[in-house]
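Chemist: need the 3D shape of this:
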Amino acid sequence: MEKKFLTIILIIIIALDIAFLIWQWKNYALPFGSLSITTDKTEYQPGENLKVKIKNNFGENICFSVCYPYYLDRKNENWESYKYVECRDFNGNGHCIEAKKEKAFELTLPQVPDGLHRLAIPICIGCKDKDTFKENKRFYSNEFTIK
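Modeler: Purely as a prediction, here's the structure:
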């Protein structure tokens, strides 16, 4: 009888532990998913328009910063982001993409040195349009050359 009682108590404790872990995961973990970020070409001239397609493979909306929806990185020995001035305006959530949807954007490449580049895209997961931007994760486009 005593052995059966201890077994039941142990099962209850394990069930409570599992329920607590599930609750923590749902409330604090980032949702699983990724972004697909592809440019229309692999070679550009400085000042040329670059078209980028972003597909949201998360189960939630994602948003981009109003100030810096992307950064341009250059490959030296390591990937290095160009220097950007601090955002002087309200840095809210700008363009948002619904879960499992995609959007295309066009940007003009700045006058930068030749070399291998990529776009770095900071995102806010599950954020609402017009709220303050908070970067949860950063994703990168395919590599491209600027000549």
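Chemist: what's near enough to touch the closest residue to residue 67 other than its chain neighbours?
Modeler: Here the nearest residue to residue 67 in space, its sequence neighbours aside, is residue 87; by Cβ to Cβ, 6 or more residues apart in numbering that works out to 3.5 Å. The C-beta positions use only the backbone N, C-alpha and C, and glycine is treated the same way. Neighbouring residues of residue 87 by Cβ atoms under 8 Å, 6 or more residues apart in numbering: 65, 67-68.
Chemist: most neighbours among these, which one?
Modeler: residue 65 (22 neighbours; other Cβ atoms under 10 Å).
Chemist: for that residue, give its distance to residue 47.
Modeler: Relative to residue 47, residue 65 is positioned 23 Å away (Cβ to Cβ, to the nearest Å).
Chemist: and for residue 118?
Modeler: Using Cβ to Cβ, one gets 18 Å for the distance from residue 118 to residue 47.
Chemist: so for these two, which sits in the more crowded spot?
Modeler: Relative neighbour count places residue 118 above the other of residue 118 and residue 47, with 19 against 11, counting by other Cβ under 10 Å.
Chemist: beyond the longest strand anywhere in the chain, next helix or strand please.
Modeler: Across the chain, the strand with the greatest residue count (assigned by DSSP state E) is strand 115-125. Of the helices and strands lying after strand 115-125 in sequence (DSSP states H and E), the nearest is strand 137-140.
Chemist: state the mean pLDDT of that following strand.
Modeler: Within the predicted structure, the mean pLDDT of strand 137-140 is 94.
Chemist: neighbouring strands - and their directions - for it?
Modeler: In the sheet, strand 137-140 lines up against strand 115-125 (antiparallel) (DSSP bridges).
Chemist: residue 73 reaches residue 116, doesn't it?
Modeler: No. Using Cβ atoms under 8 Å, residue 73 and residue 116 do not qualify as a contacting pair, with a distance of 9.2 Å.
Chemist: so who does residue 82 touch?
Modeler: 71-74, 110, 112.
Chemist: in ChimeraX, how would I select the buried members of the residues you listed?
Modeler: The command below creates a ChimeraX selection of those among the contacts of residue 82 that count as buried (16 or more other Cβ atoms under 10 Å):
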select :71,72,73,74
